[in-house]
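Enquirer: Fold the following, please.
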Amino acid sequence: MKRILTTAAAALVATAAFADGQMGKNPMVGGAAMYADKNIVENAVNSADHTTLVAAVQAAGLVDTLASEGPFTVFAPVNAAFSALPEGTVESLLMEENKDQLTKILTCHVVAADVMSEALVGMIQDDGGVHAIPTVGGCTLNAMVKDGMVMIEDEQGNTATVTIADVDQSNGVIHVIDTVLLPAM
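Expert: Numbering: from 1, shown residues only. Here you go, the predicted model:
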């Protein structure tokens, strides 16, 4: 088991480091370059894959928070992840009267630490295969490695796959995921 997780960690680090063929340079996200000297918000607004997330962050009033010093780790769902929610969910969450619920969901994607994939996989390994991650929204996510990929399970049992790891930011790191993480209801 230890060898499998070590191999998975190495694969994640190699994928993140060499995503664009250059060690130390961030991978492209949503067709846009991501710059390590820009903050989470400054980079996210340039990703064509994160327009729904950016709109949600704006509607929840979290722009200033995610642009602040941090550090933060953000599990950033792509547009397709939001589209996979039941019809009308996103539109409803973006309404002013649902701001508290939207804020809860979004802050359950944020960790108050800068956690790169190698460190996360190490924590998963140290915890016997599943690592509990407390979020700034009060949720507890569970991280694990399955088939060489880091998976994040939310409080409702939904599982997201980290599709792009280690997008370094001036105030933390983004890990792109394919599913919206939800708090227990």
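
Enquirer: pLDDT score for residue 25?
Expert: Here the pLDDT value assigned to residue 25 is 81.

Enquirer: if I pick it, what's in contact with it?
Expert: Shown in contact with residue 25 (CB atoms under 8 Å, 6 or more residues apart in numbering): no residues. Heads up, the C-betas are built off the backbone N, CA and C, glycines and all.

Enquirer: Mind listing the residues bridging to the residue nearest in space to the middle of the chain?
Expert: By CA atoms, centre = their mean, the mean C-alpha position of the chain lies nearest to residue 75, the distance being 0.9 Å. Beta-bridge pairing for residue 75 (DSSP bridges): residue 175.

Enquirer: dump the residue contacts of it.
Expert: Contacts of residue 75 (CB under 8 Å, 6+ apart): 109, 110, 111, 141, 152, 160, 162, 175, 177, 181.

Enquirer: Mind checking which of the residues you listed land in strands?
Expert: Here DSSP state E is the test, and the contacts of residue 75 give 110, 111, 141, 152, 160, 162, 175, 177 as lying in strands.

Enquirer: for the chain, which spans come out with low pLDDT?
Expert: For the chain, applying pLDDT under 70 flags the ranges 1-24.

Enquirer: redo that, cut-off 80
Expert: Residue ranges of the chain with pLDDT under 80: 1-24, 185.

Enquirer: So residue 144 sits against residue 127, correct?
Expert: No: the criterion here is CB atoms under 8 Å, and residue 144 misses it with residue 127 at 9.4 Å.

Enquirer: So between those two, which is more surrounded?
Expert: Legend: neighbour count by other CB atoms under 10 Å for residue 144 and residue 127, higher for residue 144 (18 against 13).

Enquirer: Can I take it that the more buried one is in a strand?
Expert: Yes: according to DSSP: H, G, I helix; E, B strand; the rest coil, residue 144 belongs to a strand.

Enquirer: Quick one: the strands in this structure, in order.
Expert: 72-77, 110-111, 131-134, 140-146, 149-153, 159-169, 172-177.

Enquirer: Kindly reformat those strands as JSON lines containing distance to residue 31.
Expert: Converted to JSON lines, the strands of the chain look like this (distance: least, CB to CB, whole Å):
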{"stretch": "strand 72-77", "distance to residue 31": "15"}
{"stretch": "strand 110-111", "distance to residue 31": "24"}
{"stretch": "strand 131-134", "distance to residue 31": "29"}
{"stretch": "strand 140-146", "distance to residue 31": "27"}
{"stretch": "strand 149-153", "distance to residue 31": "22"}
{"stretch": "strand 159-169", "distance to residue 31": "12"}
{"stretch": "strand 172-177", "distance to residue 31": "13"}
